[in-house]
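Student: Provide a 3D model corresponding to the input given below.
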Amino acid sequence: MRTDPSPGKLPAREHLPATDADTPVLDVVIPVYNEDKDLQPCVLRLHEHLERTFPYAFRITVADNASTDSTSRVAEVLAAEIPEVRSFRLEQKGRGRALRAVWSASDAPVLAYMDVDLSTDLNALLPLVAPLISGHSDLAIGSRLSRSSRVVRGAKREFLSRSYNLILRGSLQARFSDAQCGFKAIRRDVAQALLPLVEDTGWFFDTEMLVLAERAGLRIHEVPVDWVDDPDSTVHLVKTATDDLKGVWRVGRALATGSLPLDRLARPFGDDPRDRDLTDVPGGLARRLVGFCVVGGLSTLFYLLLYSACRSFAGAQTANALALLVSAVANTAANRRLTFGVRGRSGAVRHQAQGLIVFGIGLALTSGSLAALKAASSDPSHSTELAVLIAANLAATVLRFLLFRAWVFPDRRDEGTSHVVVSHRPASYGPAPHAPVAPHGPVSQVPAPHGHAAHDQAPYDTTQFRACEAADRTWGDSTMQLQAMRPHDHDPRNAR
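Tutor: Next up, the predicted model:
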């Protein structure tokens, strides 16, 4: 799993402002591998549709990832004949690698991709990108599993698709409905921050990107699509399914250990300019309270089981102390990760120490309750002891939540607002500094990103280059820079 530092916290979403009609607003990428027969009809049909229906300037980029047939020559001919078409050649296979390469080099503020078979009806393209242009959403996906979608495909593909999405919901708590539909879009500023965290270079690229975006609190818009299965598809279902399951395990493990800095993808509170100046806004109080109650309920059950086990060989006070100590350590660790969203190992020892102090308060409450029960009855029954302990633990739980929220895991968002500098340019959505603008007229290649050795060539070199290297090692067209970070910046206390 990639852990490269992303450019920084994203600015608030804004509607893309009107600008020069010749500046591309949308860059549609078509990743291809040995598709020399289908490529030309696909590009011509997509170009005609965009010219007829899309109200902004656009670009179509053919991303040829290591084809061994004449696909690259077909792409070059299309780029030479149609001004809005570019060709892009990679020397390594992988749909994810191709998308990362083209999206990182593009100057368009909205980036999309679709499969070359055009199984998805193109009438869904404008609804797909409209929420990104308006500033409403960060990513958009086509969904074949929506109730209003119309889909024609075989039973085997239907079963595999629905099973895969059930696996994502059960293992990664994904809430989006269709991870595999080859019809997606993303805002360029979001891509610059999100793609460095995505490791996969193949078919799992989409799923990993969506899961990380959702976990970071980014907004994903879903569009019902009409979709007709391509019977000549070259996708190997068994190998793809195996690789996807491996990817689910890898991403799930990374999320469980908190090794990804997803807090750097957080948006400011609200999109209304009045909201951005608000201070002391509660950080997800309702969600944290629900999470704390769930963790508390499980911890109480764990505590009671431990107490019953320890009571068989120890007295009531000793059994209570042992059970409460073990359950308190587990409770602090669970609340740290699940309720208050603190990831990584930084500060874990301090949090456990503070949690033990809170445990001492709980121990005093429960031990005092047992002492009072002993004073009232010389030989109370085991069920009476449990009832008293449950009541005492409820009181201790309320106090624990207040102490956790105010002392152990306080919301420090106000302290962290000065260490990120965002070079956001609301007046233009043109290319970032150092990112060359495409010339008007036929071209056959996306310019090499800034920072790669190829930047010494002519600005609009039409020769092919190894774009995969630039995609894997440079992100030079970022519009955001970070100043030196303070130590606690690696220990986010933001539930998002």
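Student: tell me which residues of the single longest helix found in the chain are tucked away?
Tutor: With secondary structure taken from DSSP state H, the chain has its longest helix at helix 348-376. Using 16 or more other CB atoms under 10 Å as the test for burial, helix 348-376 gives 348, 351-352, 354-355, 358-359, 362-363, 365-367, 369-370, 373. Just so you know, the C-beta spots here come from the backbone N, C-alpha and C atoms, and that holds for glycine as well.
Student: For that helix, name the packing helices and strands.
Tutor: When contacts are defined as 3 or more CB pairs under 8 Å, 6 or more residues apart in numbering; DSSP states H and E, helix 348-376 packs onto helix 316-334, helix 382-403.
Student: from the chain's centre, how far out does the shortest one sit?
Tutor: By that I understand helix 316-334. In terms of CA atoms, centre = their mean, to the nearest Å, the centre of helix 316-334 is found 35 Å from the chain centre.
Student: same deal with stretch 69-79?
Tutor: 34 Å.
Student: mean confidence for it?
Tutor: In this model, stretch 69-79 carries a mean pLDDT of 94.
Student: List the buried residues in it.
Tutor: Buried, per 16+ other CB under 10 Å, within stretch 69-79: Thr71, Ser72, Val74, Ala75, Glu76, Val77, Leu78, Ala79.
Student: What about Arg219, how many residues nearby?
Tutor: 17 (other CB atoms under 10 Å).
Student: Report the separation between it and Leu265.
Tutor: Arg219 sits at a distance of 11 Å from Leu265 (criterion: CB to CB, to the nearest Å).
Student: same question, Leu26
Tutor: Computed with CB to CB, the distance linking Leu26 and Leu265 is 22 Å.
Student: quick one on the thing from earlier: which of the buried residues of stretch 69-79 fall in helices?
Tutor: Thr71, Ser72, Val74, Ala75, Glu76, Val77, Leu78, Ala79.
Student: In the stretch 101-250 of the chain, what residue spans correspond to strands?
Tutor: Assigned by DSSP state E, counting those that start in this stretch, the stretch 101-250 of the chain shows strands spanning 110-114, 139-143, 150-152, 183-187, 220-224, 226-228.
Student: Looking at those, which one is packed in the most?
Tutor: By mean neighbour count, with neighbours taken as mean count of other CB atoms under 10 Å, strand 183-187 ranks first of the strands of the stretch 101-250 of the chain at a mean of 26.
Student: Would you give the sheet partners of that strand, along with the direction of each?
Tutor: Here strand 183-187 has these sheet partners by DSSP bridges: strand 110-114 (antiparallel), strand 139-143 (antiparallel).
Student: Grab the CA positions of it and hand them over as CSV.
Tutor: Extracted as CSV, the C-alpha positions of strand 183-187 are listed here (Å, rounded to 0.1, in the frame of the first residue of the first chain):
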residue,chain,number,x,y,z
PHE,A,183,-17.4,4.5,-16.4
LYS,A,184,-16.0,6.9,-13.8
ALA,A,185,-14.9,10.5,-13.3
ILE,A,186,-12.9,12.5,-10.8
ARG,A,187,-11.9,16.1,-10.1
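Student: That strand vs strand 220-224, what angle?
Tutor: In terms of direction (axes from the mean of the first three to the mean of the last three CA atoms, to 10 degrees), strand 183-187 departs from strand 220-224 by 150 degrees.
Student: quick thing: my sequence starts at 28, can you match it?
Tutor: Noted, 28 is the first residue going forward, which turns the last one into strand 210-214.
Student: What lies in contact with strand 210-214?
Tutor: For strand 210-214, the surrounding residues in contact (CB atoms under 8 Å, 6 or more residues apart in numbering) are 40, 130, 136-142, 147, 151, 155-156, 159, 165-169, 221, 233, 236, 252.
Student: Contact partners for the residue lying closest to Arg180 once chain neighbours are set aside?
Tutor: Once flanking residues are discounted, Arg180 sits nearest to Asp256: 3.4 Å by CB to CB, 6 or more residues apart in numbering. Contact analysis of Asp256 by CB under 8 Å, 6+ apart lists Ser146, Val178, Val179, Arg180, Gly181, Arg184.
Student: Gly279 too?
Tutor: Gly279 touches Ser198, Leu199, counting by CB under 8 Å, 6+ apart.
Student: Thought His76 was touching Leu149, still the case?
Tutor: Yes - if you go by CB atoms under 8 Å, Leu149 and His76 touch, sitting 4.6 Å apart.
Student: So if I had to pick from those two, which one is more boxed in?
Tutor: The residue with more neighbours, out of Leu149 and His76, is Leu149; 19 against 15, by other CB under 10 Å.
Student: how much space between the more buried one and Arg177?
Tutor: Using CB to CB, we find Leu149 at a distance of 14 Å from Arg177.
Student: how many other residues sit next to Ala90?
Tutor: By other CB under 10 Å, 26 other residues sit near Ala90.
Student: Unless I'm misreading it, it sits right up against Val55, doesn't it?
Tutor: No - between Ala90 and Val55 there is no contact under CB under 8 Å: 10.6 Å.
Student: now Phe232, nearest residue through space, not along the chain?
Tutor: Distance criterion CB to CB, 6+ apart; nearest residue to Phe232, sequence neighbours excluded, is Gly123 at 2.7 Å.
Student: what's the burial count for that neighbour?
Tutor: Quick note: Gly123 (other CB under 10 Å) scores 23 neighbours.
Student: For it, grab phi and psi.
Tutor: phi -60, psi -40 (degrees, to the nearest 10).
Student: ditto for Leu43
Tutor: Dihedral angles (degrees, to the nearest 10) for Leu43: phi -70, psi 120.
Student: what sits against it?
Tutor: By CB under 8 Å, 6+ apart, the contact list for Leu43 reads Val52, Pro136, Val137, Ile160, Ser161, Gly162, Tyr456.
Student: any idea how far the residue nearest to Phe232 lies from Arg184?
Tutor: To Arg184, Gly123 is 21 Å away according to CB to CB.
Student: what do you get for Gly285?
Tutor: From Gly285 to Arg184 the distance is 36 Å (CB to CB).
Student: Low-confidence stretches in the stretch 378-523 of the chain?
Tutor: Scanning the stretch 378-523 of the chain for pLDDT under 70 picks out the ranges 438-523.
Student: quick one: the residue nearest to Tyr330 when sequence neighbours are not counted from Leu126, how far?
Tutor: Closest residue in space to Tyr330, ignoring its immediate chain neighbours: Ser354 at 4.0 Å, by CB to CB, 6+ apart. According to CB to CB, Ser354 stands 46 Å off from Leu126.
Student: With Val252 instead?
Tutor: 19 Å.
Student: do Asn420 as well
Tutor: Asn420 is 51 Å from Leu126, where distance means CB to CB.
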